[in-house]
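[1] Please find the sequence and the predicted model below.
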Amino acid sequence: GQQVQQSPASLVLQEGENAELQCNFSTSLNSMQWFYQRPGGSLVSLFYNPSGTKHSGRLTSTTVIKERRSSLHISSSQTTDSGTYLCALDLRNSNNRIFFGDGTQLVVKP
Amino acid sequence: NAGVIQTPRHKVTGKGQEATLWCEPISGHSAVFWYRQTIVQGLEFLTYFRNQAPIDDSGMPKERFSAQMPNQSHSTLKIQSTQPQDSAVYLCASSALKAETLYFGSGTRLTVL
């Protein structure tokens, strides 16, 4: 079965609105990583977050191990935030590999 | 730090030809991953090396795909007898040993005519 479920699959915002992206995982976590991908671009790491909350500018990542979930919050969205956001469940410390979610396609309209 | 370097950026092959893709991980990184990405299938795991040893190749189409990591500074992905369905962006990523941030290269766009 799929190790990580990402939601929503797509999201459309007006500029200035906030967004909350979710990943739920079905197994014990080593860490969760969040990536951003611009159309036609490669994946850029946003956060590597094994637990707790991390901030970077308008972005906040929160991983709650007990609840088997991680979220990415985007505040005051901008049109340049448009793209695909992927979460990745890192199980390498359990002698496994990294499992990616299917991504959330975000469109921020002006 | 130049990041993960992938060459070539674009490759066009005819059906049945061979394609070799190159990846240079970030210096000092011990884990190297290969993925491929298409609009239809999304991001697909292919294979994973740690300290140059193959750890997991469960995503590799067995018959025509092979990957090697002969030294710490590069890995290759070879596709024999390429087929149109192999057309994709092939991404290489590296990280420090075990659980650390994964860094991706810019990818190689393979087009099989």
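    Structure's in. What do you need? Quick caveat: nothing in here was measured; it's all calculated off a predicted structure. Numbering: from 1, shown residues only, chains lettered A, B, ... in the order given.
[2] quick one: low-confidence ranges for chain A?
    Counting by pLDDT under 70, chain A shows low-confidence ranges at A:1.
[3] Show me the strands in it, by range?
    According to DSSP state E, chain A carries its strands in the segments A:4-7, A:10-14, A:19-25, A:31-37, A:43-49, A:52-56, A:59-64, A:69-74, A:83-90, A:98-100, A:104-109.
[4] neighbouring contacts of the fifth one?
    When contacts are defined by C-beta atoms under 8 Å, 6 or more residues apart in numbering or on different chains, strand A:43-49 is touched by residues A:31-37, A:54, A:56, A:59, A:61-63, A:70, A:72, A:85-86, B:91, B:93, B:100-104. Backbone N, C-alpha and C define where each C-beta goes, glycine included.
[5] hmm, try it at 7 Å
    When contacts are taken as C-beta atoms under 7 Å, 6 or more residues apart in numbering or on different chains, the neighbours of strand A:43-49 outside the stretch itself are A:31-37, A:54, A:56, A:59, A:61, A:63, A:70, A:86, B:101-104.
[6] Equivalent analysis for the shortest one, please.
    Strand A:98-100 is touched from outside by A:3-4, A:86, A:88-92, B:43, B:102, with contacts defined as C-beta under 7 Å, 6+ apart.
[7] Just put the strands of chain A in JSON lines and tack on mean neighbour count.
    Compiled in JSON lines, these are given as follows (neighbours: other C-beta atoms under 10 Å in any protein chain shown):
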{"stretch": "strand A:4-7", "mean neighbour count": "18"}
{"stretch": "strand A:10-14", "mean neighbour count": "14"}
{"stretch": "strand A:19-25", "mean neighbour count": "19"}
{"stretch": "strand A:31-37", "mean neighbour count": "23"}
{"stretch": "strand A:43-49", "mean neighbour count": "19"}
{"stretch": "strand A:52-56", "mean neighbour count": "12"}
{"stretch": "strand A:59-64", "mean neighbour count": "18"}
{"stretch": "strand A:69-74", "mean neighbour count": "22"}
{"stretch": "strand A:83-90", "mean neighbour count": "24"}
{"stretch": "strand A:98-100", "mean neighbour count": "21"}
{"stretch": "strand A:104-109", "mean neighbour count": "17"}
